[in-house]
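Trainee: What shape does this take:
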Amino acid sequence: MTAAKIAITLPRPLLAKVRGAVKSGRAGSVSAFVAQAIETRVREDSLQNLVDDLLAEHGEPSREAKAWAKRVLTQKRK
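Mentor: Model prediction:
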């Protein structure tokens, strides 16, 4: 993937947190941190769009379906 250089403006306290993540090794660079944050947001937005489409097409899940999902998801964590 090719990269493009851009300029962004961040609140100083937020930038300090990002630089702290880089300094501690939790991020490779400020650019890498920002890119990962954007990727996460894009993925979450895509998932929300899918949920919105499913709800529009099929409506809210029934109480029974929610209970089943909760049981199944709880079993998989154990």
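
Trainee: what about the closest residue to Phe33 other than its chain neighbours, which SS state?
Mentor: Sequence neighbours aside, Ala27 is the residue nearest to Phe33 in space, at 3.9 Å (criterion: Cβ to Cβ, 6 or more residues apart in numbering). For the C-beta atoms, the positions are set from N, CA and C on the backbone; glycine is no exception. What DSSP: H, G, I helix; E, B strand; the rest coil gives for Ala27 is coil.

Trainee: Counting neighbours, what do you get for Ala27?
Mentor: 19 (other Cβ atoms under 10 Å).

Trainee: do the same with Ala3
Mentor: The burial count for Ala3: 7, using other Cβ under 10 Å.

Trainee: and if you look at Glu64?
Mentor: 8.

Trainee: Mind listing residues that contact the host helix or strand of it?
Mentor: For Glu64, the element it lies in under DSSP states H and E is helix 63-77. Helix 63-77 is contacted from outside by Pro61, using Cβ atoms under 8 Å, 6 or more residues apart in numbering.

Trainee: Alpha carbons only: can I get that helix in PDB?
Mentor: Written as PDB, here are the backbone C-alpha positions of helix 63-77 (Å, rounded to 0.1, in the frame of the first residue of the first chain):
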ATOM      1  CA  ARG A  63     -36.400 -12.000  23.200                       C
ATOM      2  CA  GLU A  64     -35.900 -15.700  22.600                       C
ATOM      3  CA  ALA A  65     -33.200 -15.100  19.900                       C
ATOM      4  CA  LYS A  66     -31.400 -12.700  22.300                       C
ATOM      5  CA  ALA A  67     -31.500 -15.300  25.100                       C
ATOM      6  CA  TRP A  68     -30.200 -18.000  22.700                       C
ATOM      7  CA  ALA A  69     -27.300 -15.800  21.500                       C
ATOM      8  CA  LYS A  70     -26.400 -14.900  25.100                       C
ATOM      9  CA  ARG A  71     -26.300 -18.600  26.000                       C
ATOM     10  CA  VAL A  72     -24.200 -19.500  23.000                       C
ATOM     11  CA  LEU A  73     -21.700 -16.600  23.400                       C
ATOM     12  CA  THR A  74     -21.300 -17.300  27.200                       C
ATOM     13  CA  GLN A  75     -20.600 -21.000  26.500                       C
ATOM     14  CA  LYS A  76     -17.900 -20.200  24.000                       C
ATOM     15  CA  ARG A  77     -16.000 -18.000  26.500                       C
END
